[in-house]
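A.B. asks: The following block contains a protein sequence and its predicted model.
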Amino acid sequence: MKKTNLRETFEPLTTGVFKNNATFRLVLGTCPTLAVTTSALNGLSMGLATTFVLVCSNAIVSLMRNFIPRKVRIPAYILVIATFSTMVQMIMRKWLPDMYESLGLFLSLVVVNCILLARAESFASLNPVLPSVLDGIGIGLGFTFSLTLLGFIRELLGTGSVFGFEIKPLIEAGLPMTIFILPAGGFMVYGFMMVLFNVAVKAAENKIAAVKAAKAFRSEGGDE
Amino acid sequence: MKKLKIGNESVRIVVSLSVIALVAALLLAAVNLFTQVNEKEELQKAIAENYSSPIAEEISTDGYVGLNGTELQAAYRAEDGAYIFLIHVSKANRVGYSADGVGVITVIKDGVIVKVAGYSHSETPGLGANAFKEDYLKQYEGVSVDDIYVPDDLELTFPDTAGNFTPEKVTSATYTTNAVFAAVKGAVRAYNELGGGL
């Protein structure tokens, strides 16, 4: 009994990364996804910044879910999200100035990232603090993973670098194709990755379902 | 005429939003205390990283009119007599892609450009950002201010081949190349107007 509860509690953590992956499964936050994934480092830092805002705003929205009047819940959520988004900006500007410059306008636009509002409205406002925080971590990590992966592929194919480090043999072989760091390349890589991710998750889900069914079948047979 | 009714719900809405806004403001004020950036110090640090001679004095930019689309944000004189300018180029026709514009530090000594360095930009890595790499900016070093054309009507036009010096373009980043060139032109104008070229 206790084991099942624990698994249920931590379920949002894993579903956020795979089953409910914001980028590839829910197709949320597409604008920053396409705009900042010109490099892996940009993708990683944008993902982490969004995760911080997501976790904090989910926690606060969950804490205040019984006090916020229903009619003004959306402005209240936006206020909470904007506060943490501004905090991230201030912190990055002070201690990570290069990253702050690199993310530019899109750091300010974290406040209107639909992932944040969607999770506040559909999860945090209906659940206690711990599951809401775990949901924030899960969805945030899924978003970070997706952005870093897209950035990695686009940077590698577009400039022949990984996390800013040039891979000389690739450059000398003339592999880098500028299109991959342009918007058109962003759409292409995003599309291909979405297909691959969905196929992989679907296959994993089918496998898990088959294992569960076999287990159930065996236990039923054992009972007889 | 219908009377305006202020019920309990309206009060609750106003109070709850006001409380959230107040807490948010206090929280941001507290964070701001620890994360305040002294822009002048940051700039002087960036200058020290790019030019060895220490800053001797700050030059007043009051009343100075720069090239259109450029802004002289700071001007200094180094101990060795060099002039250091920070020019910000905003997004303008055929100049720069990022909305924030670009900031470029230019050091001019005895009528010759001795250093050009990027200060702030959010151009795409691998594309526009290549125009801020040291290897690319090196081409400006050693160029005489007389070889760089500065329009008298203060209007920047690109492509610009009017002067004796025209920078090489970064592949697929013509507008960013123009933005850096515009910043250097802005620095040359500032040099001519604010003392160095007199």
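C.D. replies: Now that the structure is in, tell me what you want to look at. Residues are numbered from 1 along each chain as shown, chains lettered A, B, ... in the order given.
A.B. asks: what about the helix-or-strand element of chain B with minimal mean pLDDT and chain A, touching?
C.D. replies: Ranked by mean pLDDT, DSSP states H and E, the helix or strand of chain B with the weakest confidence is helix B:39-50, at a mean of 85. Yes - Helix B:39-50 is in contact with chain A by Cβ under 8 Å from any Cβ of the partner chain, via B:E42. All C-beta atoms are positioned from the backbone trio N, CA, C, and that covers glycine.
A.B. asks: Tell me the helices and strands packed up against that helix.
C.D. replies: When contacts are defined as 3 or more Cβ pairs under 8 Å, 6 or more residues apart in numbering or on different chains; DSSP states H and E, helix B:39-50 sits against strand B:55-58, strand B:70-78, strand B:102-109, strand B:112-120.
A.B. asks: Quick check: which of the ones you listed is buried the most?
C.D. replies: Highest mean neighbour count of the helices and strands packed on helix B:39-50: strand B:102-109, a mean of 25 (counted as mean count of other Cβ atoms under 10 Å in any protein chain shown).
A.B. asks: Please compute how far that one lies from its chain's middle.
C.D. replies: Relative to the centre of its chain, strand B:102-109 is centred 9 Å away, using Cα atoms, centre = their mean, to the nearest Å.
A.B. asks: Outside of it itself, list whatever touches it.
C.D. replies: The contact list for strand B:102-109 (Cβ atoms under 8 Å, 6 or more residues apart in numbering or on different chains) reads B:46-47, B:50-51, B:73, B:78, B:80-89, B:96, B:113-121, B:123, B:132, B:140, B:145, B:176, B:179-180, B:183-184, B:187-188, B:191, B:196.
A.B. asks: make it 6 Å
C.D. replies: By Cβ atoms under 6 Å, 6 or more residues apart in numbering or on different chains, the residues outside strand B:102-109 that reach it are B:51, B:82-89, B:96, B:114-117, B:119-121, B:179-180, B:183-184, B:187, B:191.
A.B. asks: Repeat that for stretch B:8-21.
C.D. replies: So stretch B:8-21 is contacted by A:P69, A:V72, A:A76, A:L79 (Cβ under 6 Å, 6+ apart).
A.B. asks: what about the closest residue to the first one other than its chain neighbours, how many neighbours?
C.D. replies: Spelled out, it's A:P69. Leaving aside its sequence neighbours, A:P69 sits nearest to B:I13 (Cβ to Cβ, 6 or more residues apart in numbering or on different chains; 4.9 Å). By other Cβ atoms under 10 Å in any protein chain shown, 18 other residues sit near B:I13.
A.B. asks: Please apply the same query to A:F192.
C.D. replies: A:F192, neighbours per other Cβ under 10 Å, totals 11.
A.B. asks: can you pull the contacts of it?
C.D. replies: Counting by Cβ under 6 Å, 6+ apart, A:F192 has no contacts.
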